[in-house]
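*Asks:* build me a model from this:
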Amino acid sequence: MDMTGKTVMITGASRGIGAAAARVFADSDANVALVARDKDAIDKHADQIGAAALAIPCDVSRYSDVTQAVAECKAAFGQIDVLINNAGVINPISHLCEADPDAWGQAIDINLKGVFHGMRATLPDMIASGGGTILTIGSGAAHGPVEAWSQYCSSKAGALMLTRMADEEARDKGIRAISLSPGTVATEMQREIKASGINPVSQLDWDVHIPPDWVAKALLWMCGAEADAWLGAEVSLRNEEIRRKVGLI
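*Replies:* Okay, the predicted model is just below:
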């Protein structure tokens, strides 16, 4: 994919999938806005990428932060062509009967409301300019319960519905909304899962997790017309056919 002249805003860009996506899209000649709470981390990544990158501190759980991030991105690069909703947390990993309500609610604020905030802040301008792409990092947890992941499963199921809603309401206005379920990825989140010792996912060997760059390359592929068959739906990176299309096999 040649992304010359395009601008991509990536949430949760301080590490893992988000940081890898910033590098991959910049290598494809896109402008990239790295959005995250960790200012030092996104500043470092942006410096490494160069003039095509902008670091914007932002807490996606606050709509005012997201609208400010969008404004800064537009001021620097013009319109936003691609939004990648990547910001997410796995904690609190706990059973329902023991979950801390405040921590549980904060996870929903990031994983679900953060996706809504990104969509709400970018959709009007995308529609006005004739279209755009909204990609959201999903999960197999959206489709079934996983022990001690009630907030994660619930929020990912809700985020998938937001993708379906964006497609339902705005596909005819040029919006391409797709979810990506990457499988297990070798990121800090997997270390947190491993440390919990709860449910079968925590028992997986580290070498079964795919590298974040694979997810980033899938996101880049999803910006092209070949991914239009998945509009309003979810691409699974566990699927060998998808991996072949992306060029991972």
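*Asks:* just the strands in this structure please.
*Replies:* Along the chain, the segments classed as strands by DSSP state E run 7-11, 31-36, 53-57, 82-85, 132-137, 175-181, 234-236.
*Asks:* packing partners of the first one?
*Replies:* With contacts taken as 3 or more Cβ pairs under 8 Å, 6 or more residues apart in numbering; DSSP states H and E, strand 7-11 sits against helix 16-27, strand 31-36, helix 63-77, strand 82-85, helix 114-128. All C-beta spots, glycine's among them, are computed from the backbone N, C-alpha and C.
*Asks:* these: which one's closest to Met3?
*Replies:* The closest of these to Met3 is helix 16-27. By Cβ to Cβ, the value is 6.0 Å.
*Asks:* so who does the residue nearest the centre of the chain touch?
*Replies:* Centroid-nearest residue in the chain: Asn86, 1.9 Å away (criterion: Cα atoms, centre = their mean). Shown in contact with Asn86 (Cβ atoms under 8 Å, 6 or more residues apart in numbering): Ile10, Thr11, Gly12, Ala13, Ile17, Gly18, Ala21, Ile137.
*Asks:* and the nearest residue to the last one once chain neighbours are set aside, how far from Ala186?
*Replies:* With Cβ to Cβ, 6 or more residues apart in numbering as the measure, Asn86 is the residue that lies nearest to Ile137, at 4.8 Å, once sequence neighbours are left out. Distance check for Asn86 against Ala186: by Cβ to Cβ, to the nearest Å, it reads 15 Å.
*Asks:* phi and psi next, for the residue nearest to the centre of the chain.
*Replies:* phi -110, psi -20 (degrees, to the nearest 10).
*Asks:* what angle do the longest helix seen in the chain and strand 132-137 make?
*Replies:* Scanning the chain for the longest helix, with DSSP state H as the assignment, gives helix 150-170. Interaxial angle, helix 150-170 versus strand 132-137 (axes from the mean of the first three to the mean of the last three Cα atoms, to 10 degrees): 160 degrees.
*Asks:* check which residues of helix 150-170 are buried.
*Replies:* Neighbour-count burial for helix 150-170 flags 150-160, 162-164, 166-167, 170 (criterion: 16 or more other Cβ atoms under 10 Å).
*Asks:* before we move on, what about stretch 239-247?
*Replies:* Within stretch 239-247, the residues scored as buried using 16+ other Cβ under 10 Å are Ile242, Arg243, Lys245, Val246.
*Asks:* repeat for stretch 118-129
*Replies:* For stretch 118-129, the neighbour count (16+ other Cβ under 10 Å) marks Gly118, Met119, Ala121, Thr122, Leu123, Met126 as buried.
*Asks:* show me where the chain dips below the pLDDT cut-off.
*Replies:* Scanning the chain for pLDDT under 70 picks out no residues.
*Asks:* residues in contact with stretch 67-84?
*Replies:* Identification of contacts with stretch 67-84 by Cβ under 8 Å, 6+ apart yields 6-11, 18, 21, 25, 30-31, 33, 35, 54, 56, 58, 118-119, 121-122, 125-126, 129, 132-137, 219, 223.
*Asks:* dump that stretch to PDB, restricted to CA.
*Replies:* Included here for stretch 67-84 are C-alpha records, laid out as PDB according to Å, rounded to 0.1, in the frame of the first residue of the first chain:
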ATOM      1  CA  THR A  67     -11.400  16.100  20.100                       C
ATOM      2  CA  GLN A  68      -8.200  18.000  21.000                       C
ATOM      3  CA  ALA A  69      -6.000  15.300  19.500                       C
ATOM      4  CA  VAL A  70      -8.100  15.400  16.300                       C
ATOM      5  CA  ALA A  71      -7.700  19.100  16.100                       C
ATOM      6  CA  GLU A  72      -3.900  19.000  16.600                       C
ATOM      7  CA  CYS A  73      -3.600  16.200  14.000                       C
ATOM      8  CA  LYS A  74      -5.700  18.200  11.500                       C
ATOM      9  CA  ALA A  75      -3.700  21.400  12.200                       C
ATOM     10  CA  ALA A  76      -0.400  19.600  11.500                       C
ATOM     11  CA  PHE A  77      -1.400  17.400   8.500                       C
ATOM     12  CA  GLY A  78      -4.900  18.400   7.300                       C
ATOM     13  CA  GLN A  79      -7.700  15.900   7.300                       C
ATOM     14  CA  ILE A  80      -7.500  12.500   9.000                       C
ATOM     15  CA  ASP A  81      -7.800   9.700   6.400                       C
ATOM     16  CA  VAL A  82      -7.400   6.700   8.700                       C
ATOM     17  CA  LEU A  83      -8.300   6.200  12.400                       C
ATOM     18  CA  ILE A  84      -6.900   3.200  14.100                       C
END
